[in-house]
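S.K.: Any chance you can model this:
(2 chains)
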Amino acid sequence: MINQEIQIFNTRSRKKEKFTPLNSPFIGMYVCGPTVYDDVHLGNCRTFMSFDLIYRYLIYVGYKVRYVRNITDAGHLEGDRDEGGDKFAKKAKLEQLEPMEIVQKYTLGFHEVMRLFNTQPPSIEPTATGHISEQIEMTKQIIESGLGYVANGTVYFDVEKYSTTNYYGSLSNRKLEELLEGTRELGGQDEKKGRLDFALWIKAKPEHIMRWPSPWGWGFPGWHIECSAMSTKYLGTTFDIHGGGMDLIATHHTNEIAQSQACNHFEPVKYWMHTNMLTVNGVRMSKSAGNGFLPMELFTGKHKLLEKGYSPMAVRFFMMQTHYRSTLDFSNEALQASEKGFDRLMNAVKTLEKIKPSDKSTSDISSLHSKCFEAMNDDFNSPVLIANLFEGARIINSINDGKETISISDLDLLKKTFRGFIFDILGLQVEKSSASNDDLANNLMNLILEIRNEAKTKKDFSTSDKIRDGLAKTKIIIKDTKYGTTWEKEK
RNA sequence: GGUCGGGUGGCCGAGCGGCUAGGCUGAGCUCUGCAAAAGCUCCUACACCGGUUCAAAUCCGGUCCCGACCUCCA
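M.R.: Numbers count the residues shown, from 1 in each chain, chains lettered A, B, ... in the order given. The predicted model follows:
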């Protein structure tokens, strides 16, 4: 039973649309996954965290979602054409490894990072190498439809011919002539008929290690066909949501649409969703700019641009504080602000569990509850959601201070709201402070705090302050609350 | 050059015709042996120039900046 009406910004129409699944309550969602020839890029992580939020919310409101996110472990040329070479083979040569060793290494690394960020695994995570025959089959069908042609063992998609009956550049709102202007002239060596034509299947050169037999000889699949083939296989010829980074709009997703139209004669996707880029101090994070850092470097703080390490949950919270269609700028200042805000919210979560109900409520909890849904229904607006949760935190703290009251039913609703939106939807989790589940530390601290409290009772403040200051030097922070003294390790 | 987004208070970041989010920082107050934490209060902003409107950060026109894509990239 779905009782929320969700608005989604569709890249296709460039506006928000009411979300109506093709076959409610079932939803098919495909997200372009990583190419596993190197460590995951943080920008990639942001995209996957954004879709994780979307996936979690759709499930929360009652949909049955099949979430498919591929692993690209084959092919992918370095450049526009078949010069350059295979990314995996190239990296393999560099590291003296088998291509599939590279794939395995970085796939595991990718999964580890996704786990640290607390993202839900997709329902299906298909690999390109596991779907070679599907890709060959699709290529064959495109040739049969007259939109693919073979040149010297490589198969190309005929964009200009396709354009006579379809609007090729519709997703990025570009006219064919404009697109042609942006491309260079074909040289005499070119096998392609048109400048915009792209490869569906690529003939393997002798040095290519990763290769498969096909009707056109030994080769490997082109860059865009895997997503078309695998999304069709697992989600059907038309499915609800297709996502990825904004940089995929102009080429990758445009070509996916063309391939699916040529093969299946359907628009493959109802709602196209694209996440914005990640910048560092205002500049897009990229290897060439030298301003990129790895997820692990972010966690440990071992990078020249980072003043300190930031926990995976602080980073996740930071990302959720920006809407997925806005650029997100990484800076130490912004990260630290988020980290503190995250702590405040999590402290409110803890406080919520020990609050005592009264006869009546001084705040409108049900309004807060529905505002949280409204925020998420409006194109998954997590920043507004978080603002509402902070309003909840304010209420919780006031109740805890005895300045406000809450009824039993409102308390239940508030708990439900907080647990649902913070843990289930935003995918945040309490970070186990290394000390709190350590019995030895707990016992020692209890003893120390007992001694300090005895000193305080005797007004022996020099002793009590000596304990507090001494602990502070070892990064342990003491807080005297009206319910007793608590301690925690400084982050 | 073409296409598409932006320019919001000290910083980050929502909003996108009237009710002027939120976080961080700073100041004051309450509480406290003192701190810390917590609460309350304050700092009221929308690049610039015109226009539409009873009313514009929000719409229209122009100007100046910034970014993305057009070439592998989430």
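S.K.: rest of the way, CA atoms for contacts and neighbours
M.R.: OK.
S.K.: Can you tell me which residue of chain A sits closest to RNA strand B?
M.R.: A:Gly245 (2.1 Å; Cα to the nearest atom of the strand).
S.K.: confidence score at that residue?
M.R.: With respect to pLDDT, A:Gly245 scores 91.
S.K.: That one and A:Thr47 touch, don't they?
M.R.: Yes. Counting by Cα atoms under 8 Å, A:Gly245 touches A:Thr47, with 6.3 Å between them.
S.K.: out of these two, which sits in the busier spot?
M.R.: Counted by other Cα atoms under 10 Å, A:Gly245 and A:Thr47 do not tie: A:Thr47 has more neighbours, with 25 against 21.
S.K.: Can you say which helix or strand has that one in it?
M.R.: Taking DSSP states H and E as the definition, A:Thr47 sits inside helix A:42-60.
S.K.: Not counting its own residues, what contacts that helix?
M.R.: A:31, A:34, A:64-65, A:67, A:114, A:117, A:119-120, A:243-245, A:275-278, A:285, A:293-295, A:316, A:319-320, A:324, A:376, A:380, A:424-427 (Cα atoms under 8 Å, 6 or more residues apart in numbering).
S.K.: shared neighbours of A:Gly245 and A:Thr47, anything?
M.R.: Common contact partners of A:Gly245 and A:Thr47 (Cα under 8 Å, 6+ apart): A:275-276.
S.K.: In the stretch 101-250 of chain A, where is pLDDT below threshold?
M.R.: A:182-190 (pLDDT under 70).
S.K.: what residues does it put near RNA strand B?
M.R.: Residues of the stretch 101-250 of chain A lying near RNA strand B by Cα under 7 Å from any atom of the strand: A:172-174, A:178-179, A:182-183, A:223, A:244-250.
S.K.: Apply 10 Å and report the result again.
M.R.: A:169-184, A:195-196, A:198, A:223-224, A:243-250 (Cα under 10 Å from any atom of the strand).
S.K.: Weed out the non-buried ones from those.
M.R.: A:169-172, A:176, A:195-196, A:198, A:223-224, A:243-246, A:248-250 (16 or more other Cα atoms under 10 Å).
S.K.: Please narrow the residues you listed to those residing in strands.
M.R.: Using DSSP state E, the subset of those located in strands is A:198, A:243-245.
S.K.: Now compare the residues you listed and name the two farthest from each other.
M.R.: Greatest spatial distance in those: A:Phe198 and A:Gly243, 21.3 Å, computed using Cα to Cα.
S.K.: Provide the partner residues of the residue of chain A closest to RNA strand B in its beta bridges.
M.R.: A:Thr275 (DSSP bridges).
S.K.: which ones are touching it?
M.R.: Counted by Cα under 8 Å, 6+ apart, A:Gly245 has contacts A:44, A:47, A:274-277.
S.K.: The helix or strand hosting A:Ala455 near RNA strand B at all?
M.R.: Per DSSP H and E: A:Ala455 is located in helix A:439-457. Yes. Using Cα under 10 Å from any atom of the strand, we find that helix A:439-457 touches RNA strand B at A:452-453, A:455-457.
S.K.: for stretch A:415-428, same thing?
M.R.: No. For stretch A:415-428, no contact with RNA strand B is found by Cα under 10 Å from any atom of the strand; the gap never falls below 13.6 Å.
S.K.: Excluding chain neighbours, give the residue nearest to A:Pro268 in space.
M.R.: Spatial nearest neighbour of A:Pro268, excluding adjacent residues (Cα to Cα, 6 or more residues apart in numbering): A:Thr238 at 4.3 Å.
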